[in-house]
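Asker: Return a 3D structure for these sequence lines:
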Amino acid sequence: MGSEGPIPAVTIHVTGFKKFHGVAENPTESIVNNLQAYMNKRGLPKGLVLGSCTILETAGHGALVPLYQTLQSAVSQDANLPNSGRVIWVHFGVNSGATRFAIENQAVNEATFRCPDEMGWKPQKVPIVPADGGISRIRETSLPVEDITKSLAKMGYEVMTSDDAGRFVCNYVYYHSLRFAEQNGIKSLFVHVPLFLTIDEETQMQFAASLLEVLASLY
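Answerer: Residues are numbered from 1 along each chain as shown. Predicted structure coming up:
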């Protein structure tokens, strides 16, 4: 007894997006930029390490290089940490028509953008990763989406599970992240949030913090 050593920490890395067509101020940019200070003030739960907080361009193909640099650098950093444990990626994106938070269960290997992304790309029915096959290929998160949603709902948040992350940049990033996570033995989750006009910024910050706490408690 007592020789097992400390339990490895859960390291959670988060991303948000910049503005894009129709959304001049992306709430996820504010959430992710402010999350470190917010969590420090609130107090990080034992066993949780908040890793990188990165803002991505709202672009698909053109933003792939920085996306993969971000994913890879976190894996490299964690491999070098003593007592490194589990790694989770949490990607925040906005759904401007939503009235509640959505925990996304899966991503589809299809890019069909309703408008050009911030680098001018507007694919239609294109496989995100051609090597994975056709546009009907689905990748699911290995995290327990239903349990996460129930825990957050018990805390009083308006939250649902979702099987459709759209076909725009959110789905595009999630698909790549899920594929990367599977290849590297880590986990990935995408969460859609409403606009601050629908759910105010303070509530959204509380939700983001609660989500990290729920994820840390799973292990």
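Asker: pLDDT of stretch 207-216, averaged?
Answerer: The average pLDDT for stretch 207-216 rounds to 96.
Asker: Please save the CA atoms from that stretch in PDB.
Answerer: This file holds the C-alpha atoms of stretch 207-216, laid out as PDB (Å, rounded to 0.1, in the frame of the first residue of the first chain):
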ATOM      1  CA  PHE A 207     -20.000  26.600 -17.900                       C
ATOM      2  CA  ALA A 208     -16.500  26.200 -19.400                       C
ATOM      3  CA  ALA A 209     -15.000  25.900 -15.900                       C
ATOM      4  CA  SER A 210     -17.700  23.400 -14.800                       C
ATOM      5  CA  LEU A 211     -17.000  21.400 -18.000                       C
ATOM      6  CA  LEU A 212     -13.300  21.100 -17.200                       C
ATOM      7  CA  GLU A 213     -14.100  20.000 -13.700                       C
ATOM      8  CA  VAL A 214     -16.500  17.300 -14.900                       C
ATOM      9  CA  LEU A 215     -13.900  16.000 -17.400                       C
ATOM     10  CA  ALA A 216     -11.300  15.900 -14.700                       C
END
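Asker: Can you tell me what sits against it?
Answerer: Here stretch 207-216 makes contact (C-beta atoms under 8 Å, 6 or more residues apart in numbering) with 10, 12, 14, 31, 35, 38-39, 42, 45, 47-48, 50, 88, 90, 92, 101, 143, 148, 151-152, 155, 157, 159, 189, 191, 193, 199. Every residue, glycine included, has its C-beta placed from N, CA and C.
Asker: Apply 7 Å and report the result again.
Answerer: Contacts to stretch 207-216, defined as C-beta atoms under 7 Å, 6 or more residues apart in numbering, come from residues 10, 12, 31, 35, 38-39, 42, 45, 47-48, 50, 88, 90, 101, 148, 151-152, 155, 157, 191.
Asker: That concludes my questions; thank you for your assistance.
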